[in-house]
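>>> Just the structure for this:
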Amino acid sequence: MSIYVGNLSYEVTQDALNSVFAEYGSVKRIQIPTDRETGRLRGFAFVEMGTDAEEAAAIDALDGAEWMGRDLKVNKAKPREDRGSFNGNRGNGGYRNRY
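This next block holds a predicted model:
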């Protein structure tokens with residue numbers, strides 16, 4: 001499982017996130033999504049810790065904490081939803097009924 005970290009500064013780096021979360025245990029992976037078109041950070045990240053206990057400790061300590069001038073939103077990440085096809089296929093082949 002991983003941790004969702006929201007309301008991040010757009011200047012955040014993997015090293016900075018790693019140093020904050022390492023205080024609560026071993027950090028296995030950090031993912032900071034970027035916008036496809038602009039390449040700009042999207043203001044959130046996902047952090048994977050070594051154990052569930054480490055994740056819980058990080059969530060308890062960091063949710064609502066101020067960091068880099070922002071109040072963090074930290075919680076368990078929800079599983080990624082299957083978004084289906086590109087056009088949002090709604091059971092009608094992706095085409096709107098014109099009539």
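
>>> Let me know the secondary structure of Val74.
Taking DSSP: H, G, I helix; E, B strand; the rest coil as the rule, one finds Val74 in the strand state.

>>> Look up which residues are beta-bridged to it.
Going by DSSP bridges, Val74 is paired in beta bridges with Val5.

>>> Go ahead and confirm it touches Ala57.
No. Counting by Cβ atoms under 8 Å, Val74 sits too far from Ala57 to count as a contact (11.1 Å). (C-beta placed from N, C-alpha, C; glycine too.)

>>> Who has more neighbours out of these two?
When Val74 and Ala57 are compared for neighbours, Val74 comes out ahead with 21 against 16, by other Cβ atoms under 10 Å.

>>> Run through the protein and note the low-pLDDT ranges.
For the chain, residues meeting the criterion pLDDT under 70 lie at 83-99.

>>> Render the CA-only coordinates of stretch 75-82 in PDB, please.
Taking only C-alpha atoms (Å, rounded to 0.1, in the frame of the first residue of the first chain), the coordinates of stretch 75-82 have been written out as PDB:
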ATOM      1  CA  ASN A  75      -3.600   9.500   4.000                       C
ATOM      2  CA  LYS A  76      -3.700   6.000   2.600                       C
ATOM      3  CA  ALA A  77      -3.800   6.000  -1.100                       C
ATOM      4  CA  LYS A  78      -6.900   4.700  -2.700                       C
ATOM      5  CA  PRO A  79      -6.500   2.000  -5.400                       C
ATOM      6  CA  ARG A  80      -6.400   3.500  -8.900                       C
ATOM      7  CA  GLU A  81      -9.700   3.400 -10.700                       C
ATOM      8  CA  ASP A  82     -10.100   1.800 -14.100                       C
END
